[in-house]
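Visitor: sequence unknown, structure follows:
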Ligand SMILES: C[S@@+](CC[C@H](N)C(=O)[O-])C[C@H]1O[C@@H](n2cnc3c(N)ncnc32)[C@H](O)[C@@H]1O
């Protein structure tokens, strides 16, 4: 079960088990992904999954009446997803939920992630992907009228949708980090680009010995946040400076930035990291020898959104030169964890 949960987020790696027709079928579905995505997001937006909150079987005509849509079109869209076990048809036209339906219901593990990736804005963001492919530059922000991706956070609904999707991923990655990384030696932990402070809150809960946690992020994100016991919210930009501490976390941060920006962020972390302290980098690590579908997806997305990328250990080693050295790599952390000490 643990491994299955992991695959949900960290990706399936090979299709060696499939014959060429099955592979062709997948490729056609991928190629028409924008069409199928609209089928899916329409079910989502109409609240079709929520109709199965209780355990009762439902006829599509009754569902259509409740949500206000065309029954025959709804029936076809539901049927379309039957092979993927999104629903189960128990008798002609009557459906029940499956364990997969539950993933996409409010409160389900993939609800927020799907909300973000099937949103209209995300669709628009990808319309000009060919420009990124042609130039190698980040063209997504242009598609939504911004100079850079994080500028788009001035739209609070979009910011919330992005943050919630990160949290869906974090519901799986945080327990794995908490289980495999020992934060007990530290007194002041700074989560640099820590978003709404969920990781640091969980760390403070697990380690009463940590005196203070600082959640540092952009003013648009920190706006309205109230300090909690041992937890301080600080706004600013890591291109100027970051708060002082003996432990720093950069989780899902460096993959958003080009090499020259990463060097500035690392320099500012080094300036504020106390001697003997550690900097933890949590990012997917590229292994050039190994195909990983999920890492490739994120890597391409990082290029399109930010002109950035996922990196290998060797690439990180080059970027930290003169500031840090590698203390250790924690392999048990699925998403990758490199621990640095200041030099
Ligand atoms: C991909 S999210 C990662 C959030 C969090 N670390 C996590 O893993 O869930 C990147 C975060 O970096 C923040 N960020 C972007 N630019 C920043 C800057 N210049 N200074 C500080 N934080 C920034 C964003 O607001 C966002 O919360």
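Guide: Thanks, I have the structure now. No experiment lies behind these values; they were computed from the predicted model shown.
Visitor: spell out the secondary structure type for residue 247.
Guide: Assigned with DSSP: H, G, I helix; E, B strand; the rest coil, residue 247 falls in the strand class.
Visitor: now do it, the pLDDT please.
Guide: We have a pLDDT of 98 for residue 247.
Visitor: so it touches residue 184, yeah?
Guide: No - contact criterion Cβ atoms under 8 Å: residue 247 and residue 184 do not qualify, at 10.4 Å. Backbone N, C-alpha and C define where each C-beta goes, glycine included.
Visitor: quick one, which of the two is more surrounded?
Guide: Using other Cβ atoms under 10 Å as the criterion, residue 247 and residue 184 rank with residue 247 on top: 22 against 9.
Visitor: and the residue of the stretch 151-300 of the chain found nearest the ligand, how many neighbours does it have?
Guide: Of all residues in the stretch 151-300 of the chain, residue 193 sits closest to the ligand, at 3.1 Å by Cβ to the nearest ligand atom. Neighbour count for residue 193, taken as other Cβ under 10 Å: 21.
Visitor: for it, which non-adjacent residue is spatially closest?
Guide: With sequence-adjacent residues excluded and distances taken as Cβ to Cβ, 6 or more residues apart in numbering, residue 193 is closest to residue 253, at 4.4 Å.
Visitor: quick one, what contacts the one you found?
Guide: 192-193, 238, 265, 283 (Cβ atoms under 8 Å, 6 or more residues apart in numbering).
Visitor: kindly report the same for residue 65.
Guide: By Cβ under 8 Å, 6+ apart, residue 65 lies in contact with residue 71.
Visitor: what about it, distance to the ligand?
Guide: Separation of residue 65 from the ligand (Cβ to the nearest ligand atom, to the nearest Å) stands at 40 Å.
Visitor: part of a helix, is that residue?
Guide: Yes - under three-state DSSP, residue 65 sits within a helix.
Visitor: can you pull the pLDDT of it?
Guide: At residue 65, pLDDT is 98.
Visitor: name the nearest residue to the residue in the stretch 1-150 of the chain positioned nearest to the ligand, sequence neighbours excluded.
Guide: In the stretch 1-150 of the chain, the residue that lies nearest the ligand is residue 150 (4.6 Å; Cβ to the nearest ligand atom). Once flanking residues are discounted, residue 150 sits nearest to residue 218: 6.5 Å by Cβ to Cβ, 6+ apart.
Visitor: quick one: that neighbour and residue 154 touch, right?
Guide: No - the pair residue 218 / residue 154 is not scored as a contact, 10.2 Å apart, by Cβ under 8 Å.
Visitor: who has more neighbours out of these two?
Guide: Between residue 218 and residue 154, counted using other Cβ under 10 Å, residue 218 has the larger neighbour count: 16 against 10.
Visitor: what sits against that one?
Guide: Each residue near residue 218 by Cβ under 8 Å, 6+ apart is listed here: 150, 153, 235-237.
Visitor: off-centre distance for whichever helix in the chain runs longest?
Guide: Identified as the longest helix of the chain according to DSSP state H is helix 156-180. Remark: helix 156-180 is offset 6 Å from the chain centroid, using Cα atoms, centre = their mean, to the nearest Å.
Visitor: i'd like the first residue to be 12 from this point on
Guide: Yes, from this point I'll number from 12; that puts the last item at helix 167-191.
Visitor: how many residues are close by residue 213?
Guide: For residue 213, the neighbour count with other Cβ under 10 Å is 16.
Visitor: state the phi and psi torsions of it.
Guide: Note on residue 213: backbone dihedrals following degrees, to the nearest 10 are phi -70, psi -40.
Visitor: so it makes contact with residue 189?
Guide: Yes - between residue 213 and residue 189 there is a contact under Cβ under 8 Å: 6.3 Å.
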